[in-house]
Structure formats: C-alpha cells, structure tokens
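Engineer: here you go, sequence then predicted model.
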Amino acid sequence: MGADIKKLRSRIKSIDSTLHLTKAMGLVASSKIRRATDNMNKAKEYTGSLSDVVNMLTGCGECAKSPYMQKHEQDRLCLLVIAGDRGLAGGYNANVFRMEKETSKEKIIPIGKRACERYGESIRLVETFSYEQALSMAKEICDDFANGTFDRVAILCTKYISIMSQEPQIRPILPLVQGKQSVNHTVLFEPDEATILNSLVREYVASVIYAAVRESYASEVAARRFAMDSAGKNAEEMMSRLKLQYNRARQGAITQEITEIVAGSDT
C-alpha cells in the first residue's frame, strides 16, 4: 500500500510539472498569435497587389515568350518545404513532412529549423525569416528555372484557415500562368510589358515565398496553442483521477493502520 501511495505521489508531481509547462507554452503561443496573423495579412495584401500586376502582364501576348512562362517537357520539381522551428504543435510538422514524402521532386529547399535539420541544410528560422532572405532565395530559384535546371517550382506550406484549423498544401510558383485579363490600356509599361515582367518576377516570387512563410508561422503558432490547450485539459483530467486514487489509497492505508492498532490493543 505504501509503495502505491509513493508511486501515485510521484506521478501526480510529474503531471503537475507537465501541466505548468503546457500552460506556459500555451500563454506564449497566445501572445504571438495576433502579431503572427497581422504579419500574415500584411504579406498577403502585398502579394495580392503584386499578383494583380503580374496577372495583367502575363495576359499580354508579348509576355508569352518570357522564360518564366515556358512549360518544359520534363517535370523536375524544385520544392520549397516550410516546417516549424519547434515541436509540440500537434501534427503540424508531421503533416508537412507526410505531404513532402508523397510528392515527387528533384530538389528540396527547406525553411524552418525542423525542415532544415531533416534535410541537412543550414538553419533558416521561420519566426525571423525576412523579405531579404526571400528575395535572395527567389533570385537563385528564378535563375535556375530560366536556365532549365528545373521545370517547375512549388512551395509546400500550411494554409491558415482559422485558429482551430490549418492544412498543408502545395502552391505552384513557376512557370507563371497566363493571366485571364489583358493589359489595362490606362497603364503604360516602359520600355515594354515583357521587360517589366522579366524584371518583376523575382520580386513576385520573393513575395510569394515570404507570404507563405508568414502564413505557415501563423499556422504553427495557432496549432501549438491548440495542442497545448488540449494537453493541459488532458493533464488536468489525469490529475483529478490520480488524486482520487491517491486519496483512496491513503485513506485505505490509514484505515489499515487503525485496524492494526485496535487489533494489537485487544491482544
């Protein structure tokens, strides 16, 4: 009986420590959600504006000859994979890596500590990922695509649906798709549309990468908060059950001691 009480006391202490940890991590995640979603929305707004211009240019017949709009015969995919910097975010990282494993690709460019460690690359943190990093990456990717090193470029990121729901998805980047709208005649491009598109595409790709990183980070923070809330509730329920068992065991031990004392006094 004494061994059971000691074991229960040890488990209660361990779960209580875990409960404090999950609450602390949940609070940290909660404090980061607003900033993460604000940055995500700003990046989306910038990328949306730039996409409108690119869509206008790709709708022009002269831009069809751009190297960034050419479809290649092969299907060598350069895949950017965005995972988290940390764990304890439910299935966030596992879902990303599962989709990557199911995708045929020629090369992987990881972003995020967990992804970089998995693929043996130098660390690029998601939380501190800057537009300058995205632009440097975009220049290299665009040059490789224009030179025929890859036939397609896509990004594997996590879509932020709500604070309760996020899902991984693959978004194509290159080649550019022909725009549905033609050039607006009220807009004048100098020296011509094709030149502007070819010089703008690096900025466009950089904005897509940066927006995907910001959205993935917001998804990671939201997933971690949800996971820590769930873990905290489970820990509290387990604590209640163990405390009940502990009290019963302790009460049983006390009753046994009293019985032994009474029995001893009778003799």
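Structural biologist: Thanks, I have it.
Engineer: please count neighbours and contacts with C-alpha atoms only from this point.
Structural biologist: Fine.
Engineer: tell me where this protein has helices.
Structural biologist: Remark: helices assigned in the chain by DSSP state H are 2-58, 92-101, 113-118, 131-146, 193-266.
Engineer: check contacts around the residue nearest the centre of the chain.
Structural biologist: Note on the chain: the residue nearest the mean C-alpha position is residue 216, at 3.7 Å, using Cα atoms, centre = their mean. If you count contacts by Cα atoms under 8 Å, 6 or more residues apart in numbering, residue 216 has them with 82, 83, 84, 157, 158, 159, 160.
Engineer: would you mind giving these as CSV with neighbour count added?
Structural biologist: Shown next, in CSV, are those (neighbours: other Cα atoms under 10 Å):
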residue, neighbour count
82, 30
83, 31
84, 25
157, 27
158, 28
159, 18
160, 23
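Engineer: wait, which of those is closest to residue 64?
Structural biologist: residue 157 (28.3 Å; Cα to Cα).
Engineer: any idea how far residue 14 is from the closest one?
Structural biologist: Between residue 157 and residue 14 the computed distance is 36 Å (Cα to Cα, to the nearest Å).
Engineer: before we move on, what about residue 22?
Structural biologist: 13 Å.
Engineer: who has more neighbours, these two?
Structural biologist: Set side by side, residue 22 and residue 14 show more neighbours around residue 22, with 23 against 12, by other Cα atoms under 10 Å.
Engineer: test my guess that residue 67 contacts residue 146.
Structural biologist: Yes. Between residue 67 and residue 146 there is a contact at 5.5 Å, judged by Cα atoms under 8 Å.
Engineer: check contacts around the closest residue to residue 70 other than its chain neighbours.
Structural biologist: Closest residue to residue 70 apart from its sequence neighbours, by Cα to Cα, 6 or more residues apart in numbering: residue 175 at 6.2 Å. Each residue near residue 175 by Cα under 8 Å, 6+ apart is listed here: 68, 69, 70, 71, 151, 152, 153.
Engineer: read off the pLDDT value for residue 175.
Structural biologist: The model reports residue 175 with a pLDDT of 94.
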